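Trainee: Fold the following and give me the result.
(2 chains)
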Amino acid sequence: MAIINALQIVSVTDPGRVRGHNEDCVESRPEIGIVVLADGMGGYNAGEVASGMATSLIAAGLANGWVKPLLKGKNREQVSAYSQELLKAEVAKANHAIFEASQKDPQCAGMGTTLVACLFYDNFLTVGHIGDSRLYRMRQDALEQVTRDHSLLQEQIDSGLISKEDARSSHNKNLVTRAVGIDPEVETEVNSYEVLEGDIYLLCSDGLNDMIEDEEIQMTLIALRSNLDLTAQQLVQAANDAGGRDNISVMLIKVVSGFGVERGFWARVKSWF
Amino acid sequence: MAKLILSVDGTVLKEISLNKERTTLGRKPHNDIQVDNLAVSGEHAAIITILNDSFIEDLNSTNGTLVNGKPIKKHFLQNNDVIEVGKHKLKYFNDAPVQASEQDFEKTMIIRKAPAQSAMSNPAPAPVSAPIVTPAASPAAPHAASMADTQTNMKPLVMPAAPVAPAAQVAAMGQPGAKEAAIQVLSGAAAGRSLDLTKNLTTIGKPGVQVAVITRRPNGFFITHVEGANFPTINGKQLGGQAQQLADHDLIEIAGVKMEFFYKP
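Mentor: Below you'll find the predicted structure:
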């Protein structure tokens, strides 16, 4: 099935209840299965500049590189490998652009952004992330965090210094160890995963997962999954009801049907008509 | 900045600021906090401070370390925790959060690693690319590449963290004395049954046919249509696309079943 019909995509971004402006940015290209979310940081309006540049540059860059002639003749593994390279290359370009801008404009000095970007194709997805914006997957009724934050707290958890439960009351929640645009180069963590019909993917900024527990996210996805718009609104509302201390962004992608790509002789014959 | 108040039998001996990444506690003179008492081991415990958080770790002391009366090996210190070694007590104070202004609330910041070059008690300088907390060291005692070497690209260097309360707690606080509510089924096969609305979300109706959700929020209970061509009615009036707040004794009709919403006495 064509990707635009196979995936249902909903995005909501909200300033929350404390911040005056929204430094989060979301962008999607449903026709090619691309979603991008960024959570900017930096003084004045620089955070918005950084997240806005990241989402638009990366979405456009991926769209340019994700066209038939470039995918032609590649098998599934090769396409998957290509998607990873493309994602890394586009993030590197966006990183460079944001870094340059921050060097030139004193108002933008030190700006940066977290990032999570997904590309869906042929029943798989490739995700790239930097910082503490997350990708979750709900398969059947189980919610799983797919990405691991690049944050001080995550490193503390990994090293056994602090337990996951204690981490909730840490004072160091807001420190990320990687971000787009703060250095000339950035390392993107990229992975590919199989996608199944019925999966629901959630991209979010830390304004969601810092305010509400994973259990509540899971409960909401289970209870309201038949209405994806409502699910996204409910998640944002729950984060606001819990204090809404940061900007909240939520992107939900529901896999309505498989989106395998036909290959081989018949696919080629069909494509002539 | 976090600090410890050392006391014995209720007499305060001294105050120690936790301004080092690693503060040691023991009987021997080289410790940062020396407690000259035979119940205390030569190297008894260490307090590791990473920005605004501190952890205490017992260094296999003979008589152990207690926090709030419980023996610990390693513990994430919370404001007002009381550490006991022998007869000595150390009370932990961390009031940093209160100083945060509303504006500065938990802004996400980048923290970077600089080459570990300070001579401070850093046993093995971590390579530049190493994670800040080096898992390679014994996991129980991640001395962490000296936090003194980390820097943020923004000011202030260490953002005073906002008063962080676990999300669940905040949610609970958001509804002081929030009233409990329930729905009672009035018609159909389940007539007479009642359902307490204890969860933040309760779905009602028939999946695939007509479903609505009742959300519990700090300011009351709200009903929203979820799925189905027909919308539920409240007191005979059809629910719109938006959420509607429920009032005591509202009559809900969904998927052919009547039910009543009520606040519990």
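
Trainee: For A:Glu197, which residues are in contact?
Mentor: A:255-258 (CB atoms under 8 Å, 6 or more residues apart in numbering or on different chains). For the C-beta atoms, the positions are set from N, CA and C on the backbone; glycine is no exception.

Trainee: Poorly predicted segments of chain B, please.
Mentor: Scanning chain B with the threshold set as pLDDT under 70 gives B:96-107, B:112-178.

Trainee: one more time with 50, if that's ok
Mentor: B:98-105, B:115-176 (pLDDT under 50).

Trainee: Next, count neighbours for the closest residue to chain A within it.
Mentor: Nearest to chain A in chain B, going by CB to the nearest CB, is B:Asn52, at a distance of 3.5 Å. By the criterion of other CB atoms under 10 Å in any protein chain shown, B:Asn52 has 20 neighbours.

Trainee: Skip the chain neighbours and tell me the closest residue to it.
Mentor: A:His171 (3.5 Å; CB to CB, 6 or more residues apart in numbering or on different chains).

Trainee: The one residue in the stretch 101-250 of chain A that gets nearest to chain B in helix, strand or coil?
Mentor: Proximity of the stretch 101-250 of chain A to chain B (CB to the nearest CB) peaks at A:His171, 3.5 Å away. When classified by DSSP: H, G, I helix; E, B strand; the rest coil, A:His171 comes out as coil.

Trainee: got the phi/psi numbers for the residue nearest to B:Asn52?
Mentor: phi -90, psi 0 (degrees, to the nearest 10).

Trainee: Hmm, B:Ser54 and it touching each other?
Mentor: No. If you go by CB atoms under 8 Å, A:His171 and B:Ser54 don't touch, sitting 9.6 Å apart.

Trainee: any shared contact partners between those two?
Mentor: Residues touching both A:His171 and B:Ser54 (CB under 8 Å, 6+ apart) are B:Asn94.

Trainee: ok, those two, which is more surrounded?
Mentor: Neighbours were counted for A:His171 and for B:Ser54 using other CB under 10 Å; A:His171 has more, 25 against 22.

Trainee: does residue 253 sit in a helix or strand, and which one?
Mentor: The chain I'm using is chain A. In this assignment (DSSP states H and E), A:Ile253 forms part of strand A:248-255.

Trainee: switch to chain B, that's the one I care about
Mentor: Counting by DSSP H and E, B:Glu253 is found in strand B:250-254.

Trainee: Run through the neighbouring helices and strands of that strand.
Mentor: On a contact count with 3 or more CB pairs under 8 Å, 6 or more residues apart in numbering or on different chains; DSSP states H and E, strand B:250-254 meets strand B:201-206, strand B:210-217, strand B:233-234, strand B:257-263.

Trainee: how about it as PDB, C-alpha atoms only?
Mentor: The C-alpha atoms that make up strand B:250-254 are tabulated as PDB, following Å, rounded to 0.1, in the frame of the first residue of the first chain:
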ATOM      1  CA  ASP B 250     -25.400  13.900  34.600                       C
ATOM      2  CA  LEU B 251     -27.100  11.200  32.500                       C
ATOM      3  CA  ILE B 252     -24.900   9.700  29.800                       C
ATOM      4  CA  GLU B 253     -26.300   7.600  27.000                       C
ATOM      5  CA  ILE B 254     -23.800   5.700  24.900                       C
END
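
Trainee: the inter-axis angle of it versus strand B:210-217?
Mentor: Using axes from the mean of the first three to the mean of the last three CA atoms, to 10 degrees, the direction of strand B:250-254 lies 140 degrees away from that of strand B:210-217.

Trainee: quick check: angle from strand B:250-254 to strand B:201-206?
Mentor: Using the same axes, to 10 degrees: strand B:250-254 against strand B:201-206 is 50 degrees.

Trainee: what's the distance between strand B:250-254 and the middle of its chain?
Mentor: 39 Å (CA atoms, centre = their mean, to the nearest Å).

Trainee: partners of that strand, with directions?
Mentor: strand B:233-234 (antiparallel), strand B:257-263 (antiparallel) (DSSP bridges).

Trainee: Show me the contact partners of it.
Mentor: B:183, B:186, B:204-205, B:210-212, B:223, B:232-236, B:246, B:258-261.

Trainee: As a check, name the ranges of all helices in chain B.
Mentor: Along chain B, the segments classed as helices by DSSP state H run B:167-173.

Trainee: about what we covered before: hey, C-alpha coordinates of the strand holding A:Ile253 in PDB?
Mentor: C-alpha atoms of strand A:248-255 as PDB (Å, rounded to 0.1, in the frame of the first residue of the first chain):
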ATOM      1  CA  ILE A 248       5.200  19.700  24.700                       C
ATOM      2  CA  SER A 249       5.400  18.100  21.300                       C
ATOM      3  CA  VAL A 250       3.800  14.900  20.200                       C
ATOM      4  CA  MET A 251       3.800  13.100  16.900                       C
ATOM      5  CA  LEU A 252       1.900   9.900  16.500                       C
ATOM      6  CA  ILE A 253       2.300   7.500  13.600                       C
ATOM      7  CA  LYS A 254      -0.200   4.700  13.400                       C
ATOM      8  CA  VAL A 255       0.600   1.900  11.000                       C
END
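
Trainee: got a list of what residue 37 touches?
Mentor: Just going to use chain A. A:24-26, A:55, A:115-117, A:133, A:203-205, A:249, A:251.

Trainee: You answered for a different chain; I wanted chain B.
Mentor: Here B:Asn37 is in contact with B:27, B:86-88 (CB under 8 Å, 6+ apart).

Trainee: Next one: it from B:Leu90, what distance?
Mentor: 13 Å (CB to CB, to the nearest Å).

Trainee: hey, which of the helices and strands packed on strand B:250-254 is tucked in deepest?
Mentor: For those, average neighbour numbers computed from mean count of other CB atoms under 10 Å in any protein chain shown are highest in strand B:210-217, which has a mean of 21.

Trainee: what helix or strand does A:Tyr193 sit in?
Mentor: Per DSSP H and E: strand A:189-194 holds A:Tyr193.

Trainee: Please save the CA atoms from that strand in CSV.
Mentor: Taking Å, rounded to 0.1, in the frame of the first residue of the first chain, the C-alpha atoms of strand A:189-194 are listed here in CSV:
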residue,chain,number,x,y,z
GLU,A,189,22.6,7.7,16.5
VAL,A,190,20.9,5.8,13.8
ASN,A,191,19.0,2.5,13.8
SER,A,192,16.6,0.6,11.7
TYR,A,193,13.7,-1.5,12.9
GLU,A,194,11.0,-3.7,11.4
